[in-house]
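Engineer: got a structure for you, letters missing:
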């Protein structure tokens, strides 16, 4: 007993001396490499001490049967040992995942807990080692002292590195993680040791209310973790997930100490047991192929195990066995899902699924052999392949298959297999794995849709805010100035540093009630003018006004007057037609009554009744174009602009669009559209403009054109006149160039003759 007391005093003294030295030297600079080495030493000491024997606290029931003399001190030993596990694990991981919140937890929580552990070391050691903790030399007692000494020194170093005794707001946020740390590192015997019984009088296998609650928690916990971690950086996420996986592995290992591994029948080769070791390895070493094995195989196995638990009826729900069962299966179920959803690992492709099935095949053969081999030394049933646990749930046909047995002996060992049953078992599980692939794909699609909807909502809020701000800035004069008119005043546009103008000195004035056609060859400048009107690209010089609003100076107010149908539509194709049109209506603050009335009219006009509530990605080109037109008209714009709207449409759709254009103009609005289809322009337009190479050649009414000739002849005449003028200029330029060229040729010939004469004279001299 005396030796034990001396060891306790040595540990406490070491801790206090370390504290004094740290406080005395205020400026401490310890490299991260040194911290990693100390953390590694602490990890080795801790794991060796933890695995060396069973905890005496494991035998306590409602604070009774304790090696400690009082209930209060027993509770202190239980809680401090638990809290110390949470601190040691964080100290071990800290230098590998340095983070201000981790530092805050070590700085305050870690320091306080470790100081209390130093003060109560006698009771901590007794709770772990038992009544003999201080009777003679006990290696585990000594190692506990070393752990506390190293951890306390480490906590004070972190304390001094982080603003001494000053508490920041960020430090308080770090305290929110402590509950999660304790939950992750809770020993499975803790509830039974503190509270004793929580008897259940029903069969958990029958999905009774308590069982359903347990299953619901398996879904709610990962959702809560995802929401907590989704905005954290990738390394911090990996650190937190590694902490959880190692903490739960620590709890799981309470039943798997070194002494258990001496008996082959106790080895943790059950499918979900393997997940407890695989997940930390994948987080530490980033073993991709191993991870996808646990992602497809362990997740499914864990869920089935929770749905069909293999413990007896009427057990204490706080018992070590049941708590350990759910700790194990919770982690095997949701941790791989979290690792993918938080992007620690990428979403799997078909190649990864194949790897997981190959891995499962190897595991399956291994457990078949181990089941048959280890059965010679006791009862084993890895993956329930050695018993009828699964067969009895499937019915008599499965039990009949299991009656087909293959047995043989090797020396003194007997090996028994159930070939047909086990082969079918394997095939069924592979099929279930394939079903998991389908479930994952659907989940990914749903997640992507939610991301799109969230992004859409954020965009709506941003656009609405911009509109509200712009509306608030309107003066009384601006509110009155709402005449339906589109003006281009000396508008010019050139791209980048180019000296060539895409459009130069364009002037147009279009009034309400007009259908205005914009004609020109491809590349003439039609789309450049349209994109500048709608605000897609900046103006180089000049002015564009929409209903009195300057597009450059009042962009939001100008855009509110416009409905735009681009030449290449860009839609959110995972939304339905209804969702997309409502999204545009939200941007323009269209009331529900108005939008519903307009949407109903356009759906009937465009014959979309049977497809409007389907995803846009299922639509044909023509249907997508109709959705684009509906979204451009849902806010009843005063200026409707269409850039080549009829390209690729069938005759019926062209007719519907033309009727829609006529109706919109008849209501006093402007319809402005570009096209190179002469017949369509001629049949519906009131006025037209012809543009070529960035210059508007003419603007005329259709009546004026009809008095001269047809639109096609007029268009060819106007554009050819421009060509002839250019050709005349080019001819004159070419004639000048030819004269210069002829002069140059004559000069070159004369020079060549002089060279030949000089060469001949030199040759004659050389011969002489």
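Structural biologist: Right, received. Where do you want to start? From a predicted model like this one, the values you see are computed outputs, not experimental measurements.

Engineer: after the helix-or-strand element of the chain with minimal mean pLDDT comes which helix or strand?
Structural biologist: Within the chain, judged by mean pLDDT, DSSP states H and E, the helix or strand with the poorest mean is helix 476-480; its value is a mean of 43. Of the helices and strands lying after helix 476-480 in sequence (DSSP states H and E), the nearest is strand 485-493.

Engineer: any buried residues in the helix or strand just after that next one, and which?
Structural biologist: The helix or strand immediately downstream of strand 485-493 is strand 503-511, counting by DSSP H and E. By neighbour count with 16 or more other C-beta atoms under 10 Å, strand 503-511 contains the buried residues 503, 504, 506, 508, 510. (Glycine included, C-beta is placed from N, CA and C.)

Engineer: sheet partners, orientation included, of the helix or strand following strand 503-511?
Structural biologist: Remark: after strand 503-511, the chain's next helix or strand is strand 515-519, criterion DSSP H and E. Strand 515-519 sits in its sheet next to strand 670-675 (parallel), strand 687-692 (parallel), going by DSSP bridges.

Engineer: ok, back up a step: and of the buried residues of strand 503-511, the nearest to residue 699?
Structural biologist: residue 508 (6.8 Å; C-beta to C-beta).

Engineer: the closest one contacts residue 689, doesn't it?
Structural biologist: Yes. With contacts counted by C-beta atoms under 8 Å, residue 508 reaches residue 689, the gap being 6.3 Å.

Engineer: which residues do these two both contact?
Structural biologist: Counting by C-beta atoms under 8 Å, 6 or more residues apart in numbering, the contacts common to residue 508 and residue 689 are 696, 699.

Engineer: outline the domain layout of this protein.
Structural biologist: Following automatic domain parsing, one gets these domains for the chain: 1-196, 199-472, 483-719, 720-768.

Engineer: need those domains in CSV (columns: mean pLDDT).
Structural biologist: Output for the domains of the chain, formatted as CSV (pLDDT from 0 to 100):
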stretch, mean pLDDT
domain 1-196, 81
domain 199-472, 82
domain 483-719, 86
domain 720-768, 47
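
Engineer: before we move on, the earlier item: turn the strands paired with strand 515-519 into CSV, columns for distance to residue 530 and mean neighbour count.
Structural biologist: Formatted as CSV, these follow (distance: least, C-beta to C-beta, whole Å; neighbours: other C-beta atoms under 10 Å):
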stretch, distance to residue 530, mean neighbour count
strand 670-675, 6, 24
strand 687-692, 11, 22
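
Engineer: now those as JSON lines including distance to residue 365?
Structural biologist: Formatted as JSON lines, these follow (distance: least, C-beta to C-beta, whole Å):
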{"stretch": "strand 670-675", "distance to residue 365": "69"}
{"stretch": "strand 687-692", "distance to residue 365": "75"}
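
Engineer: quick check: which of those is nearest to residue 554?
Structural biologist: strand 670-675 (17.7 Å).

Engineer: can you name the element that comes right after that closest one?
Structural biologist: Per DSSP H and E, the first helix or strand lying C-terminal to strand 670-675 is helix 678-684.

Engineer: buried sites along that following helix?
Structural biologist: For helix 678-684, by 16+ other C-beta under 10 Å, it's 678, 680, 681, 682, 684.

Engineer: in CSV: those, plus distance to residue 333.
Structural biologist: As requested, the buried residues of helix 678-684 are exported to CSV (distance: C-beta to C-beta, whole Å):
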residue, distance to residue 333
678, 67
680, 61
681, 65
682, 69
684, 63
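
Engineer: out of these, which is nearest to residue 43?
Structural biologist: Distances from residue 43 to those, taken by C-beta to C-beta, are shortest for residue 680, at 77.5 Å.

Engineer: wait, isn't the closest one in contact with residue 654?
Structural biologist: Yes. If you go by C-beta under 8 Å, residue 680 and residue 654 touch, sitting 7.3 Å apart.

Engineer: shared neighbours, these two?
Structural biologist: Common contact partners of residue 680 and residue 654 (C-beta under 8 Å, 6+ apart): residue 646.

Engineer: so which strand or helix has residue 583?
Structural biologist: Using DSSP H and E, residue 583 falls in helix 577-587.

Engineer: that helix: how far from the chain's middle?
Structural biologist: 25 Å (C-alpha atoms, centre = their mean, to the nearest Å).

Engineer: what element comes up after it heading to the C-terminus?
Structural biologist: Past helix 577-587, the next helix or strand by DSSP H and E is helix 592-605.

Engineer: just the angle between that next one and helix 577-587, please?
Structural biologist: 140 degrees (axes from the mean of the first three to the mean of the last three C-alpha atoms, to 10 degrees).

Engineer: give me the buried positions along helix 592-605.
Structural biologist: Buried-residue list, helix 592-605, by 16+ other C-beta under 10 Å: 595, 598, 599, 602, 603, 605.

Engineer: contacts for that helix next, please.
Structural biologist: By C-beta under 8 Å, 6+ apart, the list of residues contacting helix 592-605 reads 578, 581-582, 585, 590, 608-609, 612, 629-630, 633-634, 636, 656, 659-660.

Engineer: what's the closest residue to residue 334 other than its chain neighbours in contact with, if anything?
Structural biologist: Leaving aside its sequence neighbours, residue 334 sits nearest to residue 222 (C-beta to C-beta, 6 or more residues apart in numbering; 3.8 Å). Listed by C-beta under 8 Å, 6+ apart, the contact set of residue 222 reads 334, 337, 338.

Engineer: just say helix, strand or coil for the first one.
Structural biologist: What it means is residue 334. helix (DSSP: H, G, I helix; E, B strand; the rest coil).

Engineer: got the contact list for it?
Structural biologist: 218, 219, 221, 222, 225.

Engineer: which strands and helices lie in contact with the helix holding residue 583?
Structural biologist: Using 3 or more C-beta pairs under 8 Å, 6 or more residues apart in numbering; DSSP states H and E, the elements in contact with helix 577-587 are helix 419-472, helix 592-605, helix 621-633.

Engineer: list the buried residues of the last one.
Structural biologist: Taking 16+ other C-beta under 10 Å as the neighbour-count basis, helix 621-633 is seen to contain the buried residues 622, 623, 624, 625, 626, 627, 628, 629, 630, 631, 632, 633.

Engineer: for the stretch 251-400 of the chain, what spans make up the helices?
Structural biologist: Using DSSP state H, counting those that start in this stretch, the helices of the stretch 251-400 of the chain run over 271-285, 288-293, 299-307, 320-341, 350-374, 391-394, 396-402.

Engineer: can you list phi and psi of residue 696 for me?
Structural biologist: Phi and psi for residue 696, reported as degrees, to the nearest 10, are phi -80, psi 120.

Engineer: what are the bridge partners for it, then?
Structural biologist: Applying DSSP bridges, one finds that residue 696 bridges with residue 691.

Engineer: that one reaches residue 507, doesn't it?
Structural biologist: Yes. The pair residue 696 and residue 507 qualifies as a contact (C-beta under 8 Å) at a distance of 7.0 Å.

Engineer: how close does residue 717 get to residue 700?
Structural biologist: 12 Å (C-beta to C-beta, to the nearest Å).

Engineer: quick one, which of the two is more surrounded?
Structural biologist: residue 700 (17 against 12; other C-beta atoms under 10 Å).

Engineer: output the contacting helices and strands for whatever helix or strand that one lives in.
Structural biologist: In this assignment (DSSP H and E), residue 700 forms part of strand 695-701. Here strand 695-701 touches strand 503-511, strand 687-692, helix 711-767, going by 3+ C-beta pairs under 8 Å, 6+ apart.

Engineer: perfect, I'm done here.
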